[in-house]
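S.K.: Below is the sequence, then the predicted model.
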Amino acid sequence: MRRDVWHAFIKEIISVYAFIREYGPADNDPSVTYVNGANSGSSKAVTSAVHGIARLQSLHSMQGITIEDPIKNAQFSYLNNAPSGDLVYQALAVEFWGGFLENKSKNIIEEFERNGSSTQNDFRVGPHAVGSDGSIYLHRWMRSTSWGTGESIAFWKHNSGRQALVIARNLVVGDVNLVEKAVLNCKQKSQMFEKTQATINAALLKGIPSNIDLFKELILPFAVIAINFRKLICWEKPLLTISFLGVAYTLIYRNWLRYIFPFLLIVVAVTMLVLKALKAQGRLGRNFGRVTIQEKPPANTIQKIISLKEAMNEMEDHLQKLNVALLKLRTIFISGQTQVTNEVAFSLLGMATVLIIFPFRYVSAFILLDVFTRELKFRQKMILQFQTFLKEWWATIPAAPVVVLPFRASSEMIMHSQSHTHTLEEDGRVDNKTSPAQSSDDEGESSCIDSKAV
């Protein structure tokens, strides 16, 4: 038998006992005697798990049937990670431990009287869960946190069997029982999850160049927006730039900046709905939304190793530059160089003073004017001088000192290495020793060879 099948058996046993601990009544709970059949709930759950293991073993023993994932054929193990698996667990708990009241305690009777409901009409009465046939699963048994989720509350509230004819707990005419409803819900969500996972697996590409091309294709809209905005800043189309500045200054001086973000959200939402309508009408074509990239030419192993080494070197250079920048910022913040720290601190205080004194719309208008006049001829010389000054100033900032401590093996590592060496030495001694029978056989073979040679 395959190891994955044995693993499914063991995991199913562990899962059923975890289910009993989480969804069943506590040990020595006196309320178990109030409900008929609740004492045998744990044995029912174990029996259901044993039946599942027997079905899985039968499928494995049949010829011509290959089980890809045995966990999917074991109910309790599968429900641990299945979408809406908690609902199925809850329905199974009501089926295993739910029942009619035998000895009606005073507290339960008072609780039903306060709610003013009967167990035969409501699917969920007060804090208790009630099955299709009126069997009760007490509230004090709901120790799992899944009972308080919104999905669970909606399931127990809207799934009612009042319009169906209930013949037995698992036999409902004109409707399905609790477990079947929960399983159908889990099955639908599992199919949706599998479809989504299939699209994700199809989008995963192998190779760094292919993933880079895919990334470039995905950020293409943002790159187009950045290029067009750059054209506005460079005054390549003066009329369009003047129109943009007029709209921007109108928004600033009318104090309409707070409406920009909601307006952008509305535009995005309307665009999505328009595309949805056009796609439903078939006007966008079948290939709309498909990302297309060009396949890279085949490369041998040496070329792949060289390209990988170049990519790693480039990533190392970027990482070093980032670390140096962070170390310089650390130097500024902890006053590693007093003059630089004073300059940055007074600059920040000046910016804060400007923001406090002047209204934000005037500051925004000034920043917008500065951005759109940087590329003009009368400011290019001043901008170049300022950028040169910033580069020189940044180059004069020292990095914070970094100390690399020598490697020191811990006592546990030393003990582990010594035990491993001792084991290897023992194995070597065992290999060097030979049995007497084997030595005699070797001597006999050598003597036979000598006699043949003679």
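M.R.: On my side now, so go ahead.
S.K.: Could you measure from residue 337 over to residue 400?
M.R.: 10 Å (CB to CB, to the nearest Å). For the C-beta atoms, the positions are set from N, CA and C on the backbone; glycine is no exception.
S.K.: Name the residues contacting each of these two.
M.R.: By the contact definition CB atoms under 8 Å, 6 or more residues apart in numbering, residue 337 and residue 400 are jointly contacted by residue 331.
S.K.: And residue 137, its phi and psi?
M.R.: When read as degrees, to the nearest 10, the backbone of residue 137 gives phi -110, psi 110.
S.K.: who does it bridge with?
M.R.: Counting by DSSP bridges, residue 137 is bridged to residue 129.
S.K.: residue contacts, it?
M.R.: 35, 93-94, 97-98, 128-131 are the contacts of residue 137 under CB under 8 Å, 6+ apart.
S.K.: how does it look with 7 Å?
M.R.: By CB atoms under 7 Å, 6 or more residues apart in numbering, the residues touching residue 137 are 93-94, 97-98, 128-129.
S.K.: Next one: it from residue 176, what distance?
M.R.: Between residue 137 and residue 176 the computed distance is 18 Å (CB to CB).
S.K.: What of residue 314?
M.R.: Counting by CB to CB, the gap from residue 314 to residue 176 is 60 Å.
S.K.: Tell me which of those two has more neighbours.
M.R.: residue 176 (16 against 10; other CB atoms under 10 Å).
S.K.: Just say helix, strand or coil for residue 156.
M.R.: Put simply, residue 156 is helix when judged by DSSP: H, G, I helix; E, B strand; the rest coil.
S.K.: Please enumerate the strands of this structure.
M.R.: 129-130, 136-137, 165-168, 171-173 (DSSP state E).
S.K.: weakest of those strands by average pLDDT?
M.R.: The minimum mean pLDDT among those belongs to strand 165-168 (a mean of 60).
S.K.: if I pick residue 192, what's in contact with it?
M.R.: So residue 192 contacts nothing (CB under 7 Å, 6+ apart).
S.K.: State the distance from it to residue 2.
M.R.: Separation of residue 192 from residue 2 (CB to CB): 30 Å.
S.K.: pLDDT weak spots in the stretch 251-400 of the chain?
M.R.: Within the stretch 251-400 of the chain, not a single segment meets pLDDT under 70.
S.K.: ok, now with 90
M.R.: 253-260, 275-312, 315, 334-340, 359-361, 373-381, 383, 387, 395-400 (pLDDT under 90).
S.K.: how near is residue 352 to residue 346?
M.R.: For residue 352, the distance to residue 346 - CB to CB - is 11 Å.
S.K.: State which helix of the protein is the longest.
M.R.: helix 301-333 (DSSP state H).
S.K.: for that one, which positions count as buried?
M.R.: Buried residues in helix 301-333, counted by 16 or more other CB atoms under 10 Å: 327-328, 331-332.
S.K.: so can I have TSV of those residues showing distance to residue 184?
M.R.: Formatted as TSV, these follow (distance: CB to CB, whole Å):
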residue	distance to residue 184
327	59
328	61
331	63
332	62
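S.K.: Tell me the one among the residues you listed nearest to residue 391.
M.R.: residue 328 (12.9 Å; CB to CB).
S.K.: Could you report the neighbour count for residue 183?
M.R.: 20.
S.K.: how many neighbours does residue 369 have?
M.R.: With other CB under 10 Å as criterion, residue 369 counts 13.
S.K.: I'd like to know how far it sits from residue 288.
M.R.: Applying CB to CB to residue 369 and residue 288 gives a distance of 41 Å.
S.K.: Also residue 295?
M.R.: To residue 288, residue 295 is 22 Å away according to CB to CB.
S.K.: Could you do residue 212 as well?
M.R.: Residue 212 is 24 Å from residue 288, by CB to CB.
S.K.: of these two, who's got more company?
M.R.: residue 212 (14 against 11).
S.K.: pLDDT at the more buried one, what is it?
M.R.: Residue 212 is given a pLDDT of 81.
S.K.: Any idea which residue is closest to the centre of this protein?
M.R.: Central residue of the chain (CA atoms, centre = their mean): residue 197, 12.1 Å from the mean position.
S.K.: okay, that residue: pLDDT?
M.R.: Looking at residue 197, its pLDDT is 84.
S.K.: Over to residue 248?
M.R.: With respect to pLDDT, residue 248 has a value of 91.
S.K.: Let me see the contact set for it.
M.R.: Taking CB under 7 Å, 6+ apart, we find residue 248 in contact with residue 368.
S.K.: Roughly how far does it sit from residue 361?
M.R.: 11 Å.
S.K.: and if you look at residue 317?
M.R.: 42 Å.
S.K.: Count the neighbours of the closest residue to residue 176 other than its chain neighbours for me.
M.R.: Leaving out its chain neighbours, the residue that sits closest to residue 176 by CB to CB, 6 or more residues apart in numbering is residue 184, at 7.3 Å. Neighbour count of residue 184, defined by other CB under 10 Å: 13.
S.K.: How much space separates residue 184 from residue 319?
M.R.: Distance from residue 184 to residue 319, by CB to CB: 51 Å.
S.K.: do residue 203 as well
M.R.: From residue 203 across to residue 319, the span is 27 Å (CB to CB).
S.K.: can you check residue 221 too?
M.R.: Per CB to CB, residue 221 is found 29 Å from residue 319.
S.K.: same question, residue 240
M.R.: 40 Å.
S.K.: Check residue 301 too.
M.R.: Residue 301 sits 26 Å away from residue 319, taking CB to CB as the criterion.
S.K.: Report pLDDT for residue 412.
M.R.: 62.
S.K.: confidence score at residue 175?
M.R.: 64.
S.K.: Equivalent analysis for the one 3 residues further on, please.
M.R.: Residue 178 is assigned a predicted lDDT (pLDDT) of 81.
S.K.: Report the contact partners of it.
M.R.: 91, 94-95, 131-132.
S.K.: Same question for residue 290.
M.R.: The contact partners of residue 290, by CB under 7 Å, 6+ apart, come to none.
S.K.: Residue 298 versus that one, what's the distance?
M.R.: Relative to residue 298, residue 290 is positioned 24 Å away (CB to CB).
S.K.: Give me the number of neighbouring residues for the closest residue to residue 41 other than its chain neighbours.
M.R.: If the residues on either side of it in the chain are set aside, residue 41 comes closest to residue 97, at 3.6 Å by CB to CB, 6+ apart. Around residue 97 sit 26 other residues, with neighbours defined as other CB under 10 Å.
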